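Visitor: turn this into a model:
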Amino acid sequence: MFAYCSDPSVLEGLTWLSCYLTTGKHMAFYGSFVTVLVLLAITAPTALAFGFGGAMMARARFAPLSWIGKGYIAIVRGVPDIAFFLFFVIALDQMFEFVRHRIKCPDWTEPVRQGNDFIVCAQAKLPLGTSPQWIHETYGFFLAVLTFAIVFGAFAANVLFGAMRAVPRTQMETAEAYGMTHRQAFWRVMVPQMWVYALPGLGNLWMVLIKATPLLFLLGVEDIVYWARELGGTKTAKFTDYPHGDWRMWYFLALLVFYLAFTRVSEIFIEKLMVRLTHGQATTGGEAQRKAAA
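Guide: Numbering: from 1, shown residues only. The predicted structure follows:
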């Protein structure tokens, strides 16, 4: 990056370090932190949407719909996360390609499944072989976000389902007694009140989601763990202009500081949000606020 970095072999000390930390790979390493933050920013609301939908299905009065919702929660919660992360990436990718294959190549006569191979026409491949690299990376990131949302959406659904049941039934009965329909009572009474019961569980789930971001490496996304291992490993002069020993400890220490700082900021935000939600509520937190104000 700097003009004096043209010949790293003559550099030493802080000058060498400044050049080493501004190489192209290190810029990709710094960019991977943004990748993690973008993943969390997109996945959290998407998983919450999956969770809300799953919770509504689980409490539906129509039995088959309730079975689907409860089955979604039970299956995802009962299988190790890593198994689902590896399964969904392959399954979603093949599902998208199969749908495109049936639309774009209706005259295809060969079977899609040929032994262990999954073969579709060239027009149905996702992304296309002629697509630029950024499209391949964006598609991989999209699959990762969808996988995270499906898996963590099941946990969110379980939390929200419990929170809905925690809202006193008398609240709903009172609303219906005042002339509200069941749907109106759900959206105007239950949903606003359930968040105070759901937030502790959702806060814990958010922390777990933060800690799960290194699984991006397993999904083919070059995240901070990938680059920390890549850059921290021993480098010899034969393969790099900046040879060094095994520095993985320092790179992973930087990740430790990043995750601890991020989780601490999250805890502060969740605490403030909890205070806001419990204000005026007939809960332990709400009673504590009333006593403090008195």
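Visitor: quick one: the helices in this structure?
Guide: 13-20, 24-58, 63-78, 81-104, 133-166, 169-177, 182-185, 191-212, 224-232, 248-278, 284-293 (DSSP state H).
Visitor: which residues does residue 223 contact?
Guide: Residue 223 sits next to 32, 35, 36, 213, 214, 216, 217 when contact means Cβ atoms under 8 Å, 6 or more residues apart in numbering. For every residue, glycine as well, the C-beta is placed using N, CA and C.
Visitor: show me just the buried residues among those residues.
Guide: 32, 35, 36, 213, 214, 216, 217 (16 or more other Cβ atoms under 10 Å).
Visitor: just checking, the fifth one touches residue 222?
Guide: Spelled out, that is residue 214. No. Under the criterion of Cβ atoms under 8 Å, residue 214 makes no contact with residue 222, lying 12.0 Å away.
Visitor: poorly predicted segments of this structure, please.
Guide: Across the chain, residues meeting the criterion (pLDDT under 70) sit at 1-4, 8, 10-11, 129, 237-239, 279-294.
Visitor: repeat the analysis, applying 50 as the threshold.
Guide: 285-287, 290 (pLDDT under 50).
Visitor: roughly how far does residue 152 sit from residue 208?
Guide: Note on residue 152: its distance to residue 208, by Cβ to Cβ, to the nearest Å, is 8 Å.
Visitor: quick one: which of those two has more around it?
Guide: residue 152 (24 against 12; other Cβ atoms under 10 Å).
Visitor: I figured the more buried one hits residue 47, correct?
Guide: Yes. With contact defined as Cβ under 8 Å, residue 152 reaches residue 47; the gap is 4.1 Å.
Visitor: so what sits against both of those two?
Guide: Joint contacts of residue 152 and residue 47 (Cβ under 8 Å, 6+ apart) are residue 209.
Visitor: hang on, the earlier thing: what is the nearest of the buried ones among the contacts of residue 223 to residue 100?
Guide: Using Cβ to Cβ, the shortest approach to residue 100 within those belongs to residue 216, at 25.1 Å.
Visitor: returning to that earlier point: with distance to residue 158 added, can I get the contacts of residue 223 in a markdown table?
Guide: Output for the contacts of residue 223, formatted as a markdown table (distance: Cβ to Cβ, whole Å):
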| residue | distance to residue 158 |
| --- | --- |
| 32 | 31 |
| 35 | 28 |
| 36 | 25 |
| 213 | 21 |
| 214 | 23 |
| 216 | 24 |
| 217 | 27 |
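Visitor: out of these, who's nearest residue 85?
Guide: Taking those together and measuring to residue 85 by Cβ to Cβ, the closest member is residue 216, at 9.3 Å.
Visitor: any idea how far the closest residue to that closest one other than its chain neighbours lies from residue 151?
Guide: If the residues on either side of it in the chain are set aside, residue 216 comes closest to residue 223, at 3.9 Å by Cβ to Cβ, 6 or more residues apart in numbering. Distance, residue 223 to residue 151, using Cβ to Cβ: 17 Å.
Visitor: swap in residue 100?
Guide: 24 Å.
Visitor: same thing with residue 144?
Guide: Counting by Cβ to Cβ - residue 144 and residue 151 are separated by 11 Å.
Visitor: tally of neighbours for the closest residue to residue 139 other than its chain neighbours?
Guide: Among residues not flanking residue 139 along the chain, residue 127 sits closest, at 4.9 Å (Cβ to Cβ, 6+ apart). By the criterion of other Cβ under 10 Å, residue 127 has 15 neighbours.
Visitor: just the one 5 residues further on next, same as before
Guide: Taking other Cβ under 10 Å as the criterion, the count of residues near residue 132 is 10.
Visitor: phi, psi of it?
Guide: Main-chain dihedrals, residue 132, degrees, to the nearest 10: phi -70, psi 160.
Visitor: against residue 253, how distant is it?
Guide: Here residue 132 is placed at a distance of 36 Å from residue 253 (Cβ to Cβ).
Visitor: do the same with residue 104
Guide: 49 Å.
Visitor: got it, and residue 190?
Guide: Relative to residue 253, residue 190 is positioned 46 Å away (Cβ to Cβ).
Visitor: what about the two, which has more around it?
Guide: Shown here are residue 190 and residue 253; by other Cβ under 10 Å, residue 190 has more neighbours (21 against 13).
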